[in-house]
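Quick one, what's the 3D model for this:
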Amino acid sequence: MKRDPVILIVVAVVISLMLVFGIQKTRHSRPNSASALQGKPAPDFSLASLDGKATLKLSDFKGKAVLLNFWATWCEPCKIEMPWFVELQKQYGPQGLQVLGVAMDDTDPKDISEFAHKMGVNYPIAVGKEAVGDQYGGIPYLPSTFYIDRDGKVVDRVYGLVSRSEIEDDIKKALSSTGQVAQN
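Numbering: from 1, shown residues only. Here you go, the predicted model:
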């Protein structure tokens, strides 16, 4: 049976379009548990710092806008956004922003610490636990970032890598928000 190349091309294009739109829809869809957090207090947690000498709690940053980023050393998109977070911490830190990283690696904290040092990280990083990710509706993708306003309420969340300007827009919302929920 001979196949018509035009039909094969049309099928390939249709499948490609379905994949592209499916990925976009997935990226912008909000799982129920994560979207249920929007406008509500961000779950507090207590996680070990990378050196193991301190405990980092979200409540330690009360009164600040927090960019809470779940990431891993093996995550390529995480490596792209980390230098942006370093710059944005410098830029918006004086206005009340605190970037807080949660490393979701299954590796030694010493290795995570060395990675963070090489990346020039200037913000605290905690050693993540799956239970904390579950409190935030599960972490289906890395990076996963939650924007928390000065009142401790989640104003937005983003799964995956987005542009620096989108990150900056969400930081501005978190800094200026008074319990308002982002509508995107």
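
CA only for contacts and neighbour counts going forward, please
OK.

which secondary element of this structure has the worst mean pLDDT?
Sorting the helices and strands of the chain by mean pLDDT, DSSP states H and E puts helix 32-35 at the bottom, at a mean of 52.

Next secondary structure after that one?
Using DSSP states H and E, the helix or strand that follows helix 32-35 in sequence is strand 46-48.

Could you list the paired strands of that following strand along with their orientation?
strand 55-57 (antiparallel) (DSSP bridges).

which residues does the most centrally placed residue in the chain form a beta bridge with?
For the chain, the residue nearest the mean C-alpha position is T145 (1.8 Å; C-alpha atoms, centre = their mean). The partner list for T145 in beta bridges (DSSP bridges) reads N69, V158.

Is it in contact with V66, as I believe?
No - the pair T145 / V66 is not scored as a contact, 10.0 Å apart, by C-alpha atoms under 8 Å.

quick one: contacts of stretch 101-108?
For stretch 101-108, the external contacting residues (C-alpha atoms under 8 Å, 6 or more residues apart in numbering) are 68-74, 112, 123-130.

rerun at 10 Å
Outside of stretch 101-108, the residues within contact range by C-alpha atoms under 10 Å, 6 or more residues apart in numbering are 47-50, 56, 67-75, 82, 85, 109, 111-113, 116, 121, 123-130, 132-133, 139, 142-145.

Would you mark the buried spots in it?
G101, V102, A103, M104, D105 (16 or more other C-alpha atoms under 10 Å).

Make a markdown table from these and add distance to R164 to it.
Below are the buried residues of stretch 101-108 laid out as a markdown table (distance: C-alpha to C-alpha, whole Å):
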| residue | distance to R164 |
| --- | --- |
| G101 | 17 |
| V102 | 19 |
| A103 | 20 |
| M104 | 22 |
| D105 | 24 |
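
Out of those, which sit inside helices?
Judged by DSSP state H, helices contain none of the buried residues of stretch 101-108.

And the strands in the protein?
All strands of the chain, identified by DSSP state E, fall at 46-48, 55-57, 65-71, 97-103, 125-127, 144-148, 154-159.

and of the ones you listed, who's closest to I7?
Nearest to I7, of all the strands of the chain, is strand 154-159, at 36.0 Å by C-alpha to C-alpha.

helices or strands next to the closest one in the packing?
helix 5-28, helix 32-35, strand 65-71, strand 144-148, helix 164-176 (3 or more C-alpha pairs under 10 Å, 6 or more residues apart in numbering; DSSP states H and E).

Of the ones you listed, give the one that comes closest to P41.
So among the helices and strands packed on strand 154-159, strand 144-148 is nearest, using C-alpha to C-alpha, at 8.4 Å.

could I get that closest one in PDB with only the CA atoms?
The C-alpha coordinates for strand 144-148 follow below in PDB (Å, rounded to 0.1, in the frame of the first residue of the first chain):
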ATOM      1  CA  SER A 144       8.200  26.000  40.400                       C
ATOM      2  CA  THR A 145       7.900  29.500  41.800                       C
ATOM      3  CA  PHE A 146       5.400  31.000  44.200                       C
ATOM      4  CA  TYR A 147       5.000  34.800  44.700                       C
ATOM      5  CA  ILE A 148       4.000  35.700  48.300                       C
END
